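J.: Pasting the sequence and the predicted coordinates here, then a few questions.
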Amino acid sequence: MQTRLMIYDGPAAADSDVPRTGGVPLAPAGFDWPVCGSCCGDPLQFFAHLPVEDGVLSVFVCQNDPGACEFWAADGGANRVHVFPREGLRPVAVPATGLTLLPTASAIRTQVVTIDPEELEEDDEGTPDAYDLARSGWSREPGERFGKQREVLGSLGGAPSYLEEDRVPACPSCAGAMEFAAHLEEGIDARTAMNLGGQLGYVFVCLPCREGAFLTD
């Protein structure tokens, strides 16, 4: 059982084309900064730039009035996941108003963790969760930085952790079930943290339709 964890790797340039949280989004020419469609209508906060095999995932979440805007819901209008091609991306002009940026940009490196579930006891629900096992497995690896689970910023690919099947979003274009793309954790400290309400973030995509979705659980 292998999971590709995303690990905090220090500060990043705000406009770098590397996996990161924070900084400014990179997008094609003509891109308009998304606004909240839930209740406030203000610009969303840019959370993450995640290069993937078939493009770049750009994650935005409303932080203008936490608790009022339903940023945790995939269909609430208070978050957005854009799926961009890899070519022709440029830094986007930041709106003058609203909570649009995290305090700092954080680089992400990936770490593949291999766990043999037969060596571990099953939890109360039966089969151990792959993402939870990977986080605990990463803490047991040798090396100076290992053992700091707050530095785990999520994972790429695999299966969504402990998410009920009926919460998997449908693509707004083709109505098919979207594919899980990434987990997002809040971060290591207040300077770098994304406000997820203490929950785990889930990023989904429909690559053929170039659609994305976000929710927390």
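T.: Here it is on my side, so go on. As the structure is a prediction and not an experimental result, all values here were calculated from the model.

J.: Downstream of the helix or strand of the chain with the lowest mean pLDDT, the next helix or strand is which one?
T.: Ranked by mean pLDDT, DSSP states H and E, the weakest helix or strand in the chain is helix 130-139, scoring a mean of 78. Where DSSP states H and E defines the elements, the next helix or strand beyond helix 130-139 is strand 152-156.

J.: if we can go back for a sec, and the least confident helix or strand of the chain, what does it pack onto?
T.: Using 3 or more CB pairs under 8 Å, 6 or more residues apart in numbering; DSSP states H and E as the contact test, the elements touching helix 130-139 are strand 2-11, strand 106-114, strand 152-156. Using the backbone N, CA and C atoms, a C-beta is placed for each residue, glycine as well.

J.: Mean pLDDT added to those strands, as CSV?
T.: Below are the helices and strands packed on helix 130-139 laid out as CSV (pLDDT from 0 to 100):
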stretch, mean pLDDT
strand 2-11, 92
strand 106-114, 91
strand 152-156, 93
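
J.: which of those strands sits most buried?
T.: strand 152-156 (a mean of 25; mean count of other CB atoms under 10 Å).

J.: If you count contacts, what does it end up packed against?
T.: Packed next to strand 152-156, using 3+ CB pairs under 8 Å, 6+ apart, are strand 2-11, strand 106-114, helix 130-139, strand 179-184.

J.: which residue sits closest to the residue nearest the centre of the chain in space, ignoring its chain neighbours?
T.: In the chain, the centroid-proximal residue (CA atoms, centre = their mean) is residue 184; its distance is 3.9 Å. By the measure of CB to CB, 6 or more residues apart in numbering, the closest residue to residue 184 outside its immediate chain neighbours is residue 201, 3.4 Å from it.

J.: before we move on, what about residue 19?
T.: Using CB to CB, 6+ apart and skipping the chain neighbours, the partner closest in space to residue 19 is residue 108 (3.9 Å).

J.: who's in contact with the one you found?
T.: Applying CB atoms under 8 Å, 6 or more residues apart in numbering, we find residue 108 in contact with 6-9, 18-21, 50, 153.

J.: if you set the cut-off to 7 Å instead, what comes out?
T.: By CB atoms under 7 Å, 6 or more residues apart in numbering, the residues touching residue 108 are 6-7, 9, 19-21, 153.

J.: same deal with residue 74?
T.: Contact analysis of residue 74 by CB under 7 Å, 6+ apart lists 169, 213-215.

J.: Swap in 6 Å and give it another go.
T.: With contacts defined as CB atoms under 6 Å, 6 or more residues apart in numbering, residue 74 is in contact with 169, 213, 215.

J.: my guess is it is in a strand, correct?
T.: No: under DSSP: H, G, I helix; E, B strand; the rest coil, residue 74 sits outside any strand and is assigned coil.

J.: Residue 62 reaches residue 78, doesn't it?
T.: Yes: at 4.0 Å, residue 62 counts as touching residue 78 under the criterion of CB atoms under 6 Å.

J.: For the protein, give me the ranges with low pLDDT.
T.: For the chain, the stretches with pLDDT under 70 are 117-127, 137, 139-149.
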